[in-house]
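S.K.: What shape does this take:
(one chain, ligands or ions: 1)
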Amino acid sequence: MISRLEELKSKCETALQNADTVSGIEDVRISYLGKKGVLTDILKGLKDLSNEEKASVGQAANQIKTQITDAIDAKRHALERDEMNAKLVSDTVDVSAPGVGRGSGASHPLHRMEKLIVECLGRIGFSTVSGPEIETEFNNFEALNIPASHPARDMHDTFYMKDGGVLRTHTSPVQIRAMQTMAPPLRILAPGKVFRCDADVSHSPVFHQIEGLLVDKHVSFAELKGTLEFFLRSLFGDSKKVRFRPSYFPFTVPSCEVDLECVMCKGKGCGICKQTGWLEVMGAGMVHRNVFKAVGYDPEEVTGFAFGLGVDRLAMLYYQISDIRLLYENDARFISQFKGAA
Ligand code: DAH
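M.R.: Now for the predicted structure:
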C-alpha cells in the first residue's frame with residue numbers, strides 16, 4: 001500500500017511537471033485530490049484496513065496528500081506569476097511615447113486675406129488703425145459728405161441702433177477718427193467688420209472691408225494709381241492688368257472703381273467676370289475737401305487719396321472660393337484646406 005502511495009506521488013509529480021497552464025494544474029488536482037480523485041479513494045479505503053495498517057498507511061497517505069497539495073500550490077503560484085509577468089511585458093505602457101495629437105487648427109481664409117493685404121501695404125508705409133463697429137451717424141455719414149438727405153444713404157441699408165448710433169456700413173468712418181486724432185501726413189489702413197441689412201447668395205449682412213487713407217502735401221491721383229497697381233499686382237501677379245473706371249462716391253472726387261483682369265479666365269470672359277474679363281475689386285478716389293473740413297484739416301494745405309475694398313470678395317478671388325456662405329459656416333473641413341496656404 002505504501003509503495004502504491006509512493007508511485008502515485010511520483011506520477012502526480014510528473015503530471016504536474018507536464019502541466020503548463022493554470023487550468024492544466026487544476027485538472028491534476030481534481031484527478032488526485034478531487035472528490036473522486038485517486039488519493040481520495042485511498043483515504044476512503046482506510047476504514048477497511050487493520051488498525052496497525054490504518055496508522056501507518058494513514059500517516060503516509062496524509063503526508064503524501066500534504067506534499068501533493070503543496071506541490072500543486074507551488075506550481076500554480078509559479079505559473080500565475082509567469083502569466084502575470086508575460087502580461088506585464090505585453091501590456092507595457094510606454095510613458096515616454098508621444099501623445100495622440102489633436103491636429104492643429106488653420107486660420108480662416110478671411111483672416112489670412114486680411115493679413116496678406118495689411119502686410120503688402122505695410123511694406124509701403126501703411127500702418128493699421130481700428131475703430132468701433134457701432135458708429136455715430138456723423139462719422140459713418142455726415143463727416144464723409146453724406147448728409148441726411150443724400151440718396152447714397154439708401155444704398156447703405158443701415159442697421160440703426162435705438163440710441164441713434166448705427167452699425168457701421170463701411171470702414172470709411174475710421175478715416176474720420178484717424179484724422180480727428182492724428183495730424184497729417186497720414187498713411188493708414190483700417191480693417192474690420194461692416195454691417196448692411198442685406199442677405200442673399202452673394203451678400204452677407206456682416207462682411208469685411210479694409211479702408212486705406214493717405215494724406216500729405218501734394219498727393220496726386222498718379223500716386224493713388226501707382227499705390228493700388230502695386231498692391232493688386234503684388235497680390236495677384238505682376239502681369240495682371242489693372243484699370244481705373246470713373247465712378248462716384250460722396251467722400252472722394254474724382255472717384256473711381258478699380259478693376260482687376262479676371263483671375264479665372266485671364267481676361268477672356270467667363271461666368272465669374274460676367275463675360276467682361278474684368279473684376280471690380282475696390283472703390284477709391286481723392287479725398288473730398290468737405291471731408292477734410294469736417295475733421296479740421298485745411299484742404300488748401302493737404303490732399304490725399306482713400307480706397308475701400310471688400311476682404312470677402314478678394315478672398316473668394318484669391319483662394320478661388322465659389323460660394324460666400326462657405327466663409328461664414330465655419331466648417332472645419334473647409335477651413336482646414338487653407339492650412340498650407342499663404
Ligand atoms: N466706403 C465705400 C463702400 O463701402 C468704399 C470706398 C470707396 C471707400 C471709395 C473709399 C473710397 O475710401 O475712396 O462702398
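
S.K.: In terms of secondary structure, what does the strand or helix carrying Glu6 contact?
M.R.: Using DSSP states H and E, Glu6 sits in helix 2-18. Contacts defined by 3 or more C-beta pairs under 8 Å, 6 or more residues apart in numbering; DSSP states H and E place helix 2-18 against helix 22-33, helix 38-45, helix 51-90. Any C-beta I mention is one placed from the backbone N, CA and C, and that applies to glycine too.

S.K.: Worst mean pLDDT among the ones you listed?
M.R.: Out of the helices and strands packed on helix 2-18, helix 38-45 stands lowest, with a mean of 82 (criterion: mean pLDDT).

S.K.: Show me what that helix is packed against.
M.R.: helix 2-18, helix 22-33, helix 51-90.

S.K.: tell me which residues in the helix holding Glu6 are buried?
M.R.: Residues of helix 2-18 classed as buried under the neighbour-count rule (16 or more other C-beta atoms under 10 Å) are Leu5, Leu8, Lys9, Cys12, Ala15, Leu16.

S.K.: Next, format the helices and strands packed on helix 2-18 as TSV and append distance to the ligand and mean neighbour count.
M.R.: As requested, the helices and strands packed on helix 2-18 are exported to TSV (distance: least, C-beta to the nearest ligand atom, whole Å; neighbours: other C-beta atoms under 10 Å):
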stretch	distance to the ligand	mean neighbour count
helix 22-33	81	17
helix 38-45	101	15
helix 51-90	68	13
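
S.K.: Ok, which of the ones you listed comes nearest Cys273?
M.R.: In this view, the helices and strands packed on helix 2-18 are compared for proximity to Cys273 by C-beta to C-beta, and helix 51-90 is the closest at 65.0 Å.

S.K.: So which residues make contact with the next helix or strand after that closest one?
M.R.: Following the chain from helix 51-90 toward its C-terminal end, the next helix or strand by DSSP H and E is helix 109-122. Contacting residues not belonging to helix 109-122 are listed as 126, 128, 189, 191, 208, 210, 212, 231, 234-235, 309, 311-312, 314-315, 318-319, 321, 327, 335, 338, 341-342 [C-beta atoms under 8 Å, 6 or more residues apart in numbering].

S.K.: again, but for stretch 14-25
M.R.: Residues lying outside stretch 14-25 but in contact with it, judged by C-beta under 8 Å, 6+ apart, are Asp27, Val28, Ser31, Ala71, Ile72, Lys75, Arg76, Leu79, Glu80, Glu83.

S.K.: Thanks a lot, see you next time.
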